[in-house]
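*Asks:* turn this into a model:
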Amino acid sequence: MNSPLLNQLFETCEKIGASDIHLAAGRPPYFRVKGNLAPDACFAPLQPDVLADLAADLLSRMTGQPPPPLTGLLDQRGAVDGACTSPGNGRYRFNFFRCQAPMAPAVRANTPIPPPALSIALRRLEDRFRSLEELGLPARLADFCSLKDGLVIVSGPTGSGKSTTLATLLDQINRTRTGHIITIEDPVEYIHSSILSLVNQRQVGVDARTFNEALVDSLREDPDIILVGEIREMETIRTAITAAETGHLVFTTLHAGDCVGAVERFVSVFPAGEQESIRRQVSLVLRGIVAQRLLPSEKTNTASDPRRVPVCEILMNTPAVAHLIATGKSSQIYTSMETGSSLGMQTLEQDLVRLLRAGEISRGTATALARYPDVFLQRLRTQTNGEAG
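*Replies:* Numbering: from 1, shown residues only. Model (predicted):
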């Protein structure tokens with residue numbers, strides 16, 4: 001399948017610089033440009049059969065094969081993720097999902113509920129790899145790229161730029177080291193061409209059934225670096241720890257708001273009887289955690305030109321930190337981070353102070369996000385008074 005309409009949507013998105021495309025039954029396509037989402041009157045409202053054809057075409061472009069029946073895929077969980085490339089070589093992540101079909105208010109009381117409707121959301125991805133400096137991230141994160149083994153976690157909420165950070169780190173490895181890189185993702189968002197390293201990318205649901213199966217398989221494929229796009233299930237975490245223990249460098253993402261929370265999230269997946277031994281294993285294989293968020297910037301940040309800047313917390317697994325993890329004293333890790341700047345660590349509050357003093361964020365934004373507002377304000381006063389003196 002090669003829908004002219006889908007090609008036209010891609011072409012329009014790339015021409016107007018949109019970040020997202022939204023497709024819903026009975027409505028024309030919506031494009032998000034510089035943060036503003038609006039319909040495009042140049043397109044006719046989309047009918048349900050047209051949306052089904054577009055979804056099938058997206059699947060076909062992702063796999064290079066005729067698409068399976070959509071009903072069977074949607075019956076599993078009501079939504080399908082994937083990624084594909086446009087004719088203009090733009091890379092798009094897509095999700096199509098079932099939702100309640102719209103009904104006119106005047107007829108709702110006397111009309112049977114219609115079958116679920118299909119909607120599609122597409123996110124246009126970066127067309128190149130950015131450096132850490134371009135992303136606004138600390139240069140010290142590049143130290144992770146020279147590690148030979150262990151576990152590196154990038155955590156944060158949905159939409160915090162975790163995938164982009166990992167793509168930048170893998171690109172640096174690919175350009176500076178020889179080795180075999182295997183990525184396990186759902187979907188594959190950034191395409192890495194082999195440069196100095198050999199890169200093989202696998203998509204869950206297409207090239208493997210589950211993250212854990214793909215990770216187990218990867219250990220028989222002579223990898224040096226393994227990227228696990230998302231880690232949630234107990235068996236996947238267990239296999240990732242084993243991979244890190246057996247001499248592989250493992251990168252992964254986790255949904256946690258801060259570094260200490262990432263440690264606890266990692267451990268809490270396991271039954272209580274296993275958690276002590278898992279803590280010891282994590283304390284040995286962990287190399288570092290980056291917890292990041294994206295905040296609205298005060299510099300050139302308007303409705304027509306929004307800009308976001310990353311704020312990040314960095315934990316390096318020093319012997320002192322490893323002891324705290326192993327003995328279940330995670331609450332004390334924060335103190336080690338505050339005093340560990342010479343070792344490459346920083347707390348959320350420290351980075352918020354930096355961004356505030358650089359004029360990147362407002363005081364209200366910083367105070368609202370700070371985990372410990374009193375600590376943040378004290379550090380801000382200390383730096384201000386130090387400069388005044």
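*Asks:* contacts for the helix or strand hosting I181, please.
*Replies:* Using DSSP states H and E, the element containing I181 is strand 180-185. Outside strand 180-185, the residues within contact range by CB atoms under 8 Å, 6 or more residues apart in numbering are 170, 173-174, 192, 197-204, 208, 211, 214-215, 218, 221-229. All C-beta spots, glycine's among them, are computed from the backbone N, C-alpha and C.
*Asks:* ok, of those, which come out buried?
*Replies:* Among those, those buried by neighbour count (16 or more other CB atoms under 10 Å) are 170, 173-174, 192, 197, 199, 201-204, 208, 211, 214-215, 218, 223-229.
*Asks:* do a quick rundown of the helices in the stretch 101-250 of the chain.
*Replies:* 132-135, 162-176, 211-218, 234-245 (DSSP state H, counting those that start in this stretch).
*Asks:* among the ones you listed, which is nearest R124?
*Replies:* Closest approach to R124 among those is made by helix 162-176 (12.9 Å; CB to CB).
*Asks:* quick one: buried residues of that closest one?
*Replies:* By neighbour count with 16+ other CB under 10 Å, helix 162-176 contains the buried residues 162-174.
*Asks:* now stretch 273-292
*Replies:* For stretch 273-292, the buried set under the neighbour-count rule, 16+ other CB under 10 Å, comprises 278-279, 281-292.
*Asks:* stretch 116-127 too?
*Replies:* Residues of stretch 116-127 classed as buried by neighbour count (16+ other CB under 10 Å): A117, L118, S119, I120, A121, L122, R123, R124, L125.
*Asks:* list the contacts for the nearest residue to the last one once chain neighbours are set aside?
*Replies:* The shortest distance from L125 to any residue other than its chain neighbours is 4.3 Å, reached at R91 (CB to CB, 6 or more residues apart in numbering). Contacts were defined as CB under 8 Å, 6+ apart; by that measure R91 touches A83, C84, T85, R124, L125, E126, D127, E189, Y190, I191.
*Asks:* show me what the strand ranked longest in the chain is packed against.
*Replies:* Longest strand in the chain by number of residues (criterion: DSSP state E): strand 286-296. The elements that strand 286-296 packs onto, with contact taken as 3 or more CB pairs under 8 Å, 6 or more residues apart in numbering; DSSP states H and E, are strand 150-155, helix 162-176, helix 259-268, strand 308-316, helix 363-369.
*Asks:* now do it and strand 150-155, the angle between them.
*Replies:* With axes from the mean of the first three to the mean of the last three CA atoms, to 10 degrees applied, the angle from strand 286-296 to strand 150-155 works out at 20 degrees.
*Asks:* from the middle of its chain, how far away would strand 286-296 be?
*Replies:* Here strand 286-296 is found 11 Å from its chain centre; the criterion is CA atoms, centre = their mean, to the nearest Å.
*Asks:* let's see it as PDB, backbone CA atoms only.
*Replies:* In PDB, the C-alpha atoms belonging to strand 286-296 read as follows (Å, rounded to 0.1, in the frame of the first residue of the first chain):
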ATOM      1  CA  LEU A 286      24.600   0.300  38.000                       C
ATOM      2  CA  ARG A 287      26.800   3.000  36.500                       C
ATOM      3  CA  GLY A 288      24.600   6.000  36.600                       C
ATOM      4  CA  ILE A 289      21.100   7.400  36.300                       C
ATOM      5  CA  VAL A 290      19.900  10.600  34.500                       C
ATOM      6  CA  ALA A 291      16.400  11.900  35.500                       C
ATOM      7  CA  GLN A 292      15.200  14.600  33.200                       C
ATOM      8  CA  ARG A 293      12.200  16.800  32.400                       C
ATOM      9  CA  LEU A 294      11.400  19.500  29.900                       C
ATOM     10  CA  LEU A 295      10.400  22.900  31.100                       C
ATOM     11  CA  PRO A 296       9.000  26.000  29.300                       C
END
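*Asks:* from A55, how far off is D49?
*Replies:* To A55, D49 is 11 Å away according to CB to CB, to the nearest Å.
*Asks:* of these two, who's got more company?
*Replies:* Comparing D49 with A55 by neighbour count (other CB atoms under 10 Å), the higher total belongs to A55, at 24 against 10.
*Asks:* in contact with the more buried one, which residues?
*Replies:* P67, L70, V80, F96, L118, I120.
*Asks:* give me every residue that touches N89.
*Replies:* Shown in contact with N89 (CB under 8 Å, 6+ apart): D127.
*Asks:* ok but it is inside a helix, no?
*Replies:* No: read with DSSP: H, G, I helix; E, B strand; the rest coil, N89 is coil and lies in no helix.
*Asks:* contacting residues around Y334?
*Replies:* Counting by CB under 8 Å, 6+ apart, Y334 makes contact with V260, T347.
*Asks:* can you pull out the low-pLDDT segments for the stretch 251-389 of the chain?
*Replies:* For the stretch 251-389 of the chain, applying pLDDT under 70 flags the ranges 300-306, 384-389.
*Asks:* at 50 instead, please
*Replies:* Flagging of the stretch 251-389 of the chain using pLDDT under 50 yields the residue ranges 301-304, 389.
*Asks:* so which of the contacts of A55 sit within strands?
*Replies:* Members of those lying in strands (criterion: DSSP E): V80, F96, L118, I120.
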